[in-house]
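Give me the fold of what follows.
(chains A and B)
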Amino acid sequence: MKKNFYIILAGLFILLLAWGAHHNSTLPSSPASLIAQGYGGPMEMAMTVSDRGAITELRVLRHNETSSFIGNLDGFLRQFIGRTREDSFIVGKDIDAISGATITSTAITTAVRQKMKTSAPPVPRSSPWLPFSITLGLFLIAITAFLRRDNALRWAALTGGFVYFGILTHTMLSIIQVVQAGLGHIPAFTVSPLWWALILFTFISTLLIGRIYCGSLCPFASIQEVLFQLTPHKHPLKERVTPHVDRKTRLIKYGLLFTVTALCLILGNASAANIEPFVTLFTGYGSKLALILLTLMLIMAVFNFRFWCKYLCPVGALTSLTAVFSINKIRPTKDCTACGICSNVCPTQAINTDASGVPDVDPAECISCAKCLRACPQHALIFGRRCHEKK
Amino acid sequence: MKKNNALFLALAGISVVLIGAIMADNITSMPGSYGEPAAVTAPPNTGDTRATEAVRQKFTRLGLVLHEGKYWKNADE
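Predicted structure coming up:
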C-alpha cells in the first residue's frame, strides 16, 4: 500500500508539471524583480538577462524619488546594459552616479549587483565539459562507495560535494531548478553545464541505485551529518520520536514539494521556490526569515539526524518519489535471521520489519549510505534485483 | 518519549510556518506576481519642469503610459 501511495504521488506530480508546462507556454517570460532602497523608500525594478548572462533591459517600475533629482535616469540605467556578473557594479568604479542623486544611484547599483551575483548565469569562459566531468566523477565516487560499502569513500564523496557544489560553484540540486524546468526556463548546456549534470546524474543514479545524491553528495547533508556527531549518541534530546509521529511528519516534505511547485507554476515564476536553507548558506544571500530558518535547521541537525532532509526538503521528496521506481534495492536474503540490527542502525529509520521480523527497506527514505549492509552480522542484506527467498 | 514527541512536533510546526512566511515574503515582494499590474507611482507634474519633461519622455520610451494623470503603468495592461 505504501508503494501505491508513492506511485500516486509521483503520478500527481508529473500531472502538475504537465499542467504547468501548458499553462506557462502562453505566458510571456517574466523579468527578474529587484527592490532597491532609494532615498524616498523602496524602488521596484525589473531586469532581463540574456542566456549569456548580459543585462538586456533594466526598468524602474515604481519609486518615490524626487523626480527632479533623477532626470537623467535613462542615461544612468543605460550603463548597465550589456554588463554581466563579472562586472563590479560599484558606483565610482564602473558605474557613474546621477549628479546630485548619489543615494538613488548607489541603491540601484547595489540591487543590480546583488541580483546579478545570485541569479544571473555566469558568462561561459571555460569548456562546459569540465564541470560536467567533475560532477560525473563525484557521482562515480559516491556510487563506488555504496557498492563497496566503503564509509570512508562515502565521506570523500560528501566532502567533494560540499567543496565543489557548496563552496566553489554555489550550485546544488534545488527545487528552484526543478520549478524552472517546469516553467520552461531551461538554460543552455554551454551556459550552465552544472545544471544539466546535476539533474541528469541525480535522475539516472536514483533510478539505478537509489538516493545517491541525497546520501553521499548533497553539501547541506554533509554539514548536517557533521553537526549530528557533535553531541553524544545517548543525549536525551537525541531519543527517537515514536515511529507513528515520525512517519506522519515525513509527509510534510511531499506537501511542500506540491505546494511550492503548484504556486510557482500558477504564478509563472520561481519566487515561491526560494525556501531552501542551503541556498541561503552557500550563496550568503537571504532574508531575515531565511536566516532564522537556516539557524533552526542547523540546530535541529545536532539532535535529529538530517532533520531538514527527512521532514522538509522538497527536492528530497522528489528524489524519494523517483527512488520508488529504482530498479535495484537493498533486500534481505534467506540467511536473514530477523535480528533487527539493520533496522536499529539505519540513520534515517528507513528499515521496517514485518510480523516475522524480516526487514523491509523503504527506498523512498533510504539514502544509500550502506550502513545496514556493513552492520548485518550474517551479511544477509544484498543490493540488487534478487527477491527475498523464504526459509 | 512523549516529551520528545511534543518538542519535535512543535519545532516541525515552527519550521513549516517559517517556510510558509518565507514563501509569502518572496511572492509579495515581486511586483506583478500576484495579479496586480506593475505601476510607476511618481507623477511627473511636480518639481522642475525640465526634469519632469525628461522623466516623462523616459517613461514613454519605456512603453509606459500615464493612467488618469495619476500613475504610470505598462501600455499593454
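
Strands of the stretch 201-350 of chain A, start to end?
Along the stretch 201-350 of chain A, the segments classed as strands by DSSP state E, counting those that start in this stretch run A:329-332.

and the closest residue to A:Val302 other than its chain neighbours, what is it in contact with?
Distance criterion C-beta to C-beta, 6 or more residues apart in numbering or on different chains; nearest residue to A:Val302, sequence neighbours excluded, is A:Leu227 at 4.9 Å. Using the backbone N, CA and C atoms, a C-beta is placed for each residue, glycine as well. Taking C-beta atoms under 8 Å, 6 or more residues apart in numbering or on different chains, we find A:Leu227 in contact with A:298, A:301-302.

can you pick the most crowded of the residues you listed?
Within the contacts of A:Leu227, A:Ala301 tops the neighbour count with 22 neighbours, counted by other C-beta atoms under 10 Å in any protein chain shown.

from memory it sits against A:Phe307, does it?
Yes - under the criterion of C-beta atoms under 8 Å, A:Ala301 makes contact with A:Phe307 at 5.6 Å.

Now for those two: what residues contact both?
A:Gln224.

Of the contacts of A:Leu227, which is the nearest to A:Leu138?
The nearest member of those to A:Leu138, counting by C-beta to C-beta, is A:Ala301 at 22.1 Å.

I'd like the distance between that closest one and chain B.
To chain B, A:Ala301 is 12 Å away according to C-beta to the nearest C-beta, to the nearest Å.

can you tell me which residues contact that residue?
Contacts of A:Ala301 were listed using C-beta under 8 Å, 6+ apart, and they are A:223-224, A:227-228, A:307-308.

again, only this time at 10 Å
A:Ala301 sits next to A:220-221, A:223-228, A:230, A:307-309 when contact means C-beta atoms under 10 Å, 6 or more residues apart in numbering or on different chains.

now do A:Ile186
Going by C-beta under 10 Å, 6+ apart, the list of residues near A:Ile186 reads A:177, A:180, A:192, A:195-196, A:199.

Put together a markdown table for those residues, with secondary structure on each row.
Below are the contacts of A:Ile186 laid out as a markdown table (DSSP: H, G, I helix; E, B strand; the rest coil):
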| residue | secondary structure |
| --- | --- |
| A:Gln177 | helix |
| A:Gln180 | helix |
| A:Ser192 | coil |
| A:Trp195 | helix |
| A:Trp196 | helix |
| A:Ile199 | helix |
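
Please spell out the PyMOL selection for the buried subset of those.
Filtering the contacts of A:Ile186 down to the buried ones (16 or more other C-beta atoms under 10 Å in any protein chain shown) takes a single PyMOL command:
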select buried, chain A and resi 177+180+192+195+196
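
List just the nearest of the contacts of A:Ile186 to chain B.
Relative to chain B, the closest of these is A:Gln180; by C-beta to the nearest C-beta it sits at 14.3 Å.

What residue, apart from its backbone neighbours, is nearest the closest one spatially?
Among residues not flanking A:Gln180 along the chain, A:Ala270 sits closest, at 5.4 Å (C-beta to C-beta, 6+ apart).

Do I have it right that the one you found meets A:Gly182?
Yes - applying C-beta atoms under 10 Å as the test, A:Ala270 and A:Gly182 come out as touching, 9.0 Å apart.

Spit out the residues that contact these two alike.
Common neighbours of A:Ala270 and A:Gly182 (C-beta under 10 Å, 6+ apart) are A:261, A:264.
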